[in-house]
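> Next come a sequence and a model predicted from it.
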Amino acid sequence: MLNFARNLRQNLTDAECLLWGRLRRRQLAGFKFRRQHMIGAYICDFVCAKAALVVELDGSQHLDAAAYDSRRDNFLRSRGFRVLRFWNGQVLSETENVMETIFEALHRQEIDGRFDWGP
């Protein structure tokens, strides 16, 4: 699986490449993201461990994979992660909206974390 994840990191889709360019090097609110990161038996497109956030980009192949995606999302949620899903087309044509949604999810987690663990 690790070799497969490495291969995915070297062969990003256009949407993954665009989003990675905006997430890497702590560019988004100082949060660190990893790409093609393994959680359990699943390889997630982008993961921010600190915020327990997974960002998945879906292409047309996911139209036939709803049951698999649902099982996968349930597994990730059982591990404490929140999952955001975007279509590749959304990332390519609505990049700023996608970035804002991710930013808001990171911010909510940060606020939730302070609330849960005290000041």
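Received it, and whenever you're ready, just let me know what you need.

> tell me the mean pLDDT for stretch 22-42?
Averaging pLDDT along stretch 22-42 yields 96.

> Use 37 as the first number for this chain going forward.
All right, first residue 37 from here; so that's stretch 58-78.

> in that stretch, what's buried?
58, 59, 64, 67, 69, 71, 72, 73, 78 (16 or more other CB atoms under 10 Å). Just so you know, the C-beta spots here come from the backbone N, C-alpha and C atoms, and that holds for glycine as well.

> Sitting in strands, which of the residues you listed do you find?
Cross-referencing the buried residues of stretch 58-78 against strands under DSSP state E gives 71, 72, 73, 78.

> which residues in this structure form helices?
38-46, 50-59, 102-114, 124-129, 131-153 (DSSP state H).

> among those, which is nearest residue 89?
helix 131-153 (5.7 Å; CB to CB).

> Select, out of the helices of the chain, the one closest to residue 92.
When those are compared (using CB to CB), the closest one is helix 102-114, at 8.0 Å.

> Show me what the closest one is packed up against.
strand 78-84, strand 89-94, strand 118-123 (3 or more CB pairs under 8 Å, 6 or more residues apart in numbering; DSSP states H and E).

> okay, those in JSON lines with distance to residue 144 next?
JSON lines is the format used below for those (distance: least, CB to CB, whole Å):
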{"stretch": "strand 78-84", "distance to residue 144": "12"}
{"stretch": "strand 89-94", "distance to residue 144": "10"}
{"stretch": "strand 118-123", "distance to residue 144": "9"}
